[in-house]
Structures are given as C-alpha cells and as structure tokens.
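Q: sequence below, structure please.
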Amino acid sequence: MSCYNAKDLARSFRTVRANTIQIAEEIPEDKYSFRPAEGVRSVAETLAHLATSTGWPKDLHGPRLSAVDFSLFMGSLQKAQAYAESLTTKSAIVEALKKEGEDFASWLETLPDEVLEEHVNYPPGMEPPSKTRFEMLMSSKEHEMHHRGQLMLVERMLGITPHLTRRMQEAMAQMPQATVAKS
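A: Purely as a prediction, here's the structure:
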C-alpha cells in the first residue's frame, strides 16, 4: 500500500466530509424537509444517513473480521437508522456530521498497510468473492460523494449555487485578469 496509505485515506475522507458539512450548513433548516421526488430521502434524511454511515465499516474492520456477515451488517444498519432518526434538527445533523466524520477519519489513520491489504470474503455467490479492506474502506468515501452529488442537485433545485461551483466560477473569473496582468 505504499502509494496510498491510511493517512491519505483519512485526509481524503476529511475533504469529502468537509464539503458535505458545508452543504449541510448552506441549506436553510426550513428546507431540510425538502424531498426532490416521492420515495426519495429528504435533505435531512440524506444528511443524517451520511452522518451515521461510518458505523458499518468500523463494525466490520475494527475487529478485523475476515468475512462479511449479513446479520452483523443488518444489525449495524439498524443501529445507524435509529441514530439517524434521532437527529431531528439541522444543528444535531451538522454536529453529527462533524463528530462522526472526524471519529471515522481518526480511526482510519490508525490502520497499518498490512490491515488495509487483507482480503475480506463476501458470502458465497457474490462477485467478486472478496475485496481488500482498503477497497471496502474507500467505498465509504465513494458512498458519501454519491449522496453529496445528489445534495448538490437539490441545492440547485432550491436556488442555491453549490459552494464548489461558486469556487470554480470565482477561479474562472480571475483567469482573464491573471492572463492580462502577465502581458
């Protein structure tokens, strides 16, 4: 794992979580109940889901289980759902995003390369039959980025320009001035 280690994984997760937190802070609390379509999570439900989604990886990889256990997964999912349902205000959700994100990133930093290289088996019939802990832990970040993309679209629906778009627009606006200044 010499190319990308646990500290890199923790750093990149912190970046992703910081962007999620900024979105959570920018959406007004009176819009947290907004649901972009029937049967889809609301803003609050999506953010609470993200805040509580780091429990499963710690349940599986903390004790270094060698196989995915469906009952452990379901138990972890139920625990996360109960926690998510307890987050009923914007301030509680933002605080959980901060706390749980930092707890997860701090835990990631402690994992040695040997642990990240270990394979974890999936139940028979699943493909692939196993993945490395690194791959599985990377999927925590990918999961958050997936939902963050949804939240950025919701921001647009609410008339909010996402902060990453604003940053890019500001950088682009500075480019012609920088080019002219060099001439």
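Q: pLDDT on stretch 98-111, on average?
A: What stretch 98-111 shows for mean pLDDT is 98.
Q: now swap in stretch 54-71 and tell me
A: 92.
Q: and that stretch, end to end?
A: 17 Å (Cα to Cα, to the nearest Å).
Q: and the contacts of that stretch?
A: The contact list for stretch 54-71 (Cβ atoms under 8 Å, 6 or more residues apart in numbering) reads 72-73, 75-77, 79-80, 83, 100-101, 103-104, 107, 111, 115, 118-123, 133, 136-137, 140. Using the backbone N, CA and C atoms, a C-beta is placed for each residue, glycine as well.
Q: list the buried residues of that stretch.
A: For stretch 54-71, burial by neighbour count (16 or more other Cβ atoms under 10 Å) applies to 54-61, 68.
Q: in a markdown table: these, plus distance to Met172 and secondary structure.
A: Converted to a markdown table, the buried residues of stretch 54-71 look like this (distance: Cβ to Cβ, whole Å; DSSP: H, G, I helix; E, B strand; the rest coil):
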| residue | distance to Met172 | secondary structure |
| --- | --- | --- |
| Thr54 | 34 | coil |
| Gly55 | 40 | helix |
| Trp56 | 39 | helix |
| Pro57 | 37 | helix |
| Lys58 | 40 | helix |
| Asp59 | 43 | helix |
| Leu60 | 42 | helix |
| His61 | 41 | helix |
| Val68 | 44 | coil |
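Q: secondary structure class for the residue most central in space within the chain?
A: The C-alpha lying nearest the average C-alpha coordinate of the chain belongs to Glu144 (Cα atoms, centre = their mean; 2.7 Å). Secondary structure for Glu144, judged by DSSP: H, G, I helix; E, B strand; the rest coil, is helix.
Q: what's it in contact with, if anything?
A: Going by Cβ under 8 Å, 6+ apart, Glu144 touches 13, 16-17, 20, 50, 53.
Q: packing partners for the strand or helix carrying Glu170?
A: Using DSSP states H and E, Glu170 falls within helix 163-182. Here helix 163-182 touches helix 6-26, going by 3 or more Cβ pairs under 8 Å, 6 or more residues apart in numbering; DSSP states H and E.
Q: buried sites along the helix it packs on?
A: Under 16+ other Cβ under 10 Å, the buried positions of helix 6-26 are 6, 9-10, 13-14, 16-17, 19-21, 23-24, 26.
Q: still on that earlier bit, measure the residue nearest to the centre of the chain to Thr110 for me?
A: 20 Å (Cβ to Cβ, to the nearest Å).
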